[in-house]
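1. Fold the following for me, if possible:
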Amino acid sequence: LSKQKNINIIKKKKIIFGASRIAINKKKLFNTREIFFKLFKEKKIKIIFNFKVTKFKEFKNKVVIYSSNNKKMICNKLFIGAGSFNTANIFMNSFNKLKKIYLKENSINYALIFFRKKISFINNNSYCDFYMTKVGKKNYHNQIYLLKDKFLKKIKSYSYFHYMILKLLHIIFENKIILVFNYMGMNISKQIELTKNNNIISVRNIISKDKKNNYYSQVKNDLKNVFKKYFPFLIILKSSNFGDSNHYGSSFPFKNSKKISNSTDLLGRYKNLKNIHIIDSSSMPSLPTNTLTYTLMVHSARITDKSL
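-> Down below sits the predicted model:
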């Protein structure tokens, strides 16, 4: 990063700020669906439809998997990558004594910044125009976007309502507005409690309001300092609703010590299980402040490579 232009490291505040130049090649690195169907055509894998795993039982030389429609399958090894909520559900159904699970969340917030001065920077090399990362205990990661056509088209594919609002703001303020996706570090983010009682799983969100408000004030001040030459006069920072993020995990973190509650070994195995491995974000020891995709791919590849 230090060799690139437009990179500034503000050491006192531990903020790294600069242009993102990673996604230069527009071609997709991989397509999961295409890979699966290629392996299926080569008869290297079997794809089973309409079989939603709800629980499992491990025996000496086999694993029995049960589905929601009372079907069952037998296999030698089971790799669970169902997403942290579903994985928690499967384990609570499989272990009667497991009544409570905590999920960490790297939650997303949204910010709009309005300026008195026209923004002059622009980056055409990647989807995100700039990033801003703060390291330390109260860490976060900001992805910063100009309201240009390429970005607005992407928003349109998700929500026409939000697209129209941003398009209108873009017309009114011209190049005097940016959108920020703010990823909170899990140390100051939401913690979700899943509790099972009489086969009903309830969800409770745990976070201190004071902690949250202090965090928002800090992010706003950092954004003002970084963009001060453009004279920011209004920053709207909105908290995402519960469930808006898909960045959950660390509910069965892999640790060297089994004394830690709900921990797994380095191969994602819970307690004394031998042939059942958790390969999604549930078994990650912590969540990165940034997006999870590639970290999670490496994590699951490591476990499967060492287990097969």
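
2. Next, find the distance separating residue 135 from residue 68.
-> Separation of residue 135 from residue 68 (C-beta to C-beta, to the nearest Å): 43 Å. Bear in mind the C-beta positions are built from the backbone N, C-alpha and C, glycine included.

3. Check the contact between residue 51 and residue 66; I expect there is one.
-> No. Assessed by C-beta atoms under 8 Å, residue 51 is found out of contact with residue 66, at 9.8 Å.

4. So those two - more neighbours on which side?
-> Using other C-beta atoms under 10 Å as the criterion, residue 51 and residue 66 rank with residue 66 on top: 19 against 14.

5. wouldn't that one be in contact with residue 52 here?
-> No. Using C-beta under 8 Å as the test, residue 66 is too far from residue 52 to be in contact (9.9 Å).

6. Mind listing the shared neighbours of these two?
-> Shared contacts of residue 66 and residue 52, defined by C-beta atoms under 8 Å, 6 or more residues apart in numbering, are absent.

7. Where does the residue nearest to residue 98 when sequence neighbours are not counted fall, secondary structure wise?
-> In this structure, residue 98 finds its nearest non-sequential neighbour in residue 92, 5.2 Å apart by C-beta to C-beta, 6 or more residues apart in numbering. Assigned by DSSP states H and E, residue 92 belongs to helix 84-94.

8. From residue 286, how far off is the residue nearest to residue 98?
-> The value you get for residue 92 to residue 286, if C-beta to C-beta is used, is 22 Å.

9. With residue 151 instead?
-> Separation of residue 151 from residue 286 (C-beta to C-beta) stands at 30 Å.

10. If you count surrounding residues, which of these two has more?
-> Counted by other C-beta under 10 Å, residue 151 and residue 286 do not tie: residue 151 has more neighbours, with 17 against 13.

11. thinking again about what came up before, ok, and what's touching the helix holding residue 92?
-> Applying C-beta under 8 Å, 6+ apart, the set of residues contacting helix 84-94 from outside is 53-57, 80-82, 98-99, 101, 103, 194, 196, 201, 248-249, 251-252, 270, 278, 280-282.

12. Of these, just the buried ones, ChimeraX syntax please.
-> Buried subset of those, written as a ChimeraX selection, criterion 16 or more other C-beta atoms under 10 Å:
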select :53,54,55,56,80,81,82,98,101,103,194,196,248,249,251,252,270,278,280,281,282
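
13. show me the contacts for the residue nearest the centre of the chain.
-> The centre of the chain sits closest to residue 247, judged by C-alpha atoms, centre = their mean, with a distance of 2.6 Å. By C-beta under 8 Å, 6+ apart, the contact set of residue 247 is 105-108, 183, 281, 287, 291-292.

14. cool, residue 232 as well?
-> Contacts of residue 232 by C-beta under 8 Å, 6+ apart are 113-116, 223-224.

15. about what we covered before: so what's the residue nearest to residue 98 scoring on pLDDT?
-> Here the pLDDT value assigned to residue 92 is 91.

16. tell me, how many neighbours does it end up with?
-> Other residues near residue 92 come to 20 when the count uses other C-beta under 10 Å.

17. where's residue 289, which helix or strand?
-> Residue 289 belongs to no helix or strand, assigned by DSSP H and E.

18. and the gap between it and residue 225?
-> Taking C-beta to C-beta, one finds residue 289 at 19 Å from residue 225.

19. From the neighbour counts alone, determine which of those two ranks first.
-> residue 289 (20 against 12).

20. Touching, the more buried one and residue 133? I think so.
-> Yes. Using C-beta under 8 Å, residue 289 makes contact with residue 133 at a distance of 7.1 Å.

21. before we move on, back to that, specify which member of the contacts of residue 232 is nearest to residue 234.
-> residue 114 (4.3 Å; C-beta to C-beta).

22. picking up where we left off before, for residue 59, see how far away the residue nearest to residue 98 is.
-> Computed as C-beta to C-beta, the residue 92 to residue 59 distance reads 20 Å.

23. And for residue 152?
-> From residue 152 over to residue 59 the distance is 55 Å, taken as C-beta to C-beta.

24. between those two, who's got more neighbours?
-> Using other C-beta under 10 Å as the criterion, residue 152 and residue 59 rank with residue 152 on top: 18 against 9.

25. for this structure, what are the low-confidence residue spans?
-> Across the chain, the ranges flagged by pLDDT under 70 are 1-32, 121-127, 187-190, 198-209, 240-246, 257-259.

26. May I see the buried residues of stretch 93-113?
-> Residues of stretch 93-113 classed as buried: 93-94, 98, 101, 103-109, 111-113 (neighbour count, 16+ other C-beta under 10 Å).
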